[in-house]
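Novice: What would the 3D arrangement of this be:
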Amino acid sequence: MKYIIVTGGVLSGLGKGITSSSAGLLLQCAGYKVTAVKMDPYLNVDAGTMNPYEHGEVFVMKDGAEVDLDLGNYERFLHCNLTSEHNITTGKVYKKVIEKERHGDYLGQTVQIIPHVVREIVDGMRKAAEDSKADVCMVEFGGTVGDIESMPFMEAGRLLSREEGKENVMYIHTTLVPVVGSVGEQKTKPTQHSIKELQGLGIRP
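Specialist: Okay, the predicted model is just below:
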C-alpha cells in the first residue's frame with residue numbers, strides 16, 4: 001500500500017481536495033486502484049450538524065454518513081463509492097478513544113494525545129485504505145500547517161511514514177505563492193516558512 005498525504009499551508013481554501021482528487025485520477029489512468037481519506041481537524045463527529053453557510057454543503061455517502069464535500073469530489077473523480085470510515089474527524093477520534101478508555105481497553109494507562117489519539121488516527125487511515133484493497137490511498141489533511149487542532153494529524157502522518165517506510169509514503173504540500181502588485185513578481189517567503197514548519201514536525205514534502 002502506498003500513501004500520498006496532501007497538506008496545506010499559509011491559508012485555507014487553496015484546493016487540497018481538488019489536488020488530491022486530480023492526483024488520484026492520474027494514478028487511476030496509469031492503471032492503479034486508488035482510494036481517498038479526508039482528515040478534518042474539527043471536534044464535530046461529522047459534518048451533519050454544521051452550518052452549510054460556514055462549512056459548505058454536506059455530502060451524503062451510500063452508508064448514510066454525512067461528510068465533508070471533498071468526499072463527493074473524490075467519488076466523482078475516482079468513480080468509486082466511499083464510506084464513513086473514509087472521513088476521520090477529531091471528534092470521531094476522541095469519541096472512539098474515550099469509549100475504549102471507558103471499556104478498559106487501555107488497561108489503566110494514562111490516556112494521552114500521544115500515543116493513544118495519534119494511534120487511533122493512524123489505524124483509521126490504514127483501515128480505510130486496506131478495506132478498499134487499493135494500491136494507493138490519497139490522504140487529505142484538512143486545515144493549515146501550524147494550526148493547533150491539526151497537530152495530532154501531522155504527527156500521525158509522520159508516524160505512518162515511519163511505520164510503513166519512507167518509500168511507501170509521499171507528501172504533497174499546497175501553499176500560496178502571492179504576486180505582489182507593486183513589484184509584480186511571485187513571493188515565496190510564505191511558502192518557505194510553511195515548509196520549514198512542516199519539516200519541524202518531521203514531514204518533508
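Novice: burial of residue 200, as a residue count?
Specialist: Residue 200: 11 surrounding residues under other CB atoms under 10 Å. Just so you know, the C-beta spots here come from the backbone N, C-alpha and C atoms, and that holds for glycine as well.
Novice: next one: residue 40
Specialist: Residues near residue 40, counting by other CB under 10 Å: 26.
Novice: try residue 188
Specialist: Neighbours around residue 188, by other CB under 10 Å: 13.
Novice: Ok, residue 168 next?
Specialist: When counting by other CB under 10 Å, one arrives at 13 neighbours for residue 168.
Novice: and what of residue 35?
Specialist: Residue 35 has 23 neighbours, counted by other CB under 10 Å.
Novice: Partner strands of the host helix or strand of it, with direction?
Specialist: If you go by DSSP states H and E, residue 35 is part of strand 34-40. Counting by DSSP bridges, the strands paired with strand 34-40 are strand 87-89 (parallel), strand 136-141 (parallel).
Novice: Which residues does that strand contact?
Specialist: For strand 34-40, contacts defined as CB atoms under 8 Å, 6 or more residues apart in numbering pick out 17, 20-21, 24-25, 27-28, 47, 67-68, 70-71, 74, 78, 80, 82, 86-90, 121, 124-125, 128-129, 132, 134-143, 153.
Novice: Mind checking which of the residues you listed are in strands?
Specialist: Judged by DSSP state E, the contacts of strand 34-40 include 67, 87, 88, 89, 136, 137, 138, 139, 140, 141 as members of strands.
Novice: about what we covered before: quick check: next helix or strand after the strand holding residue 35?
Specialist: Once the chain leaves strand 34-40, the following helix or strand, as judged by DSSP H and E, is helix 52-55.
Novice: Adding distance to residue 60 and mean pLDDT, write the strands paired with strand 34-40 out as JSON lines.
Specialist: JSON lines is the format used below for the strands paired with strand 34-40 (distance: least, CB to CB, whole Å; pLDDT from 0 to 100):
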{"stretch": "strand 87-89", "distance to residue 60": "12", "mean pLDDT": "94"}
{"stretch": "strand 136-141", "distance to residue 60": "19", "mean pLDDT": "95"}
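Novice: Out of those strands, the one nearest residue 175 is which?
Specialist: Closest approach to residue 175 among the strands paired with strand 34-40 (CB to CB): strand 136-141, 13.1 Å.
Novice: Excluding its own residues, what touches that closest one? List them.
Specialist: Applying CB under 8 Å, 6+ apart, the external contacts of strand 136-141 come out as 1-8, 16-17, 20-21, 23-24, 27, 32-39, 41, 70, 74, 125, 128-129, 150, 153-154, 157.
Novice: Can you pull the phi/psi pair for the residue lying farthest from the centre of the chain?
Specialist: Outermost residue of the chain with respect to the C-alpha centroid, by CA atoms, centre = their mean, is residue 182; its distance is 36.3 Å. When read as degrees, to the nearest 10, the backbone of residue 182 gives phi -70, psi -30.
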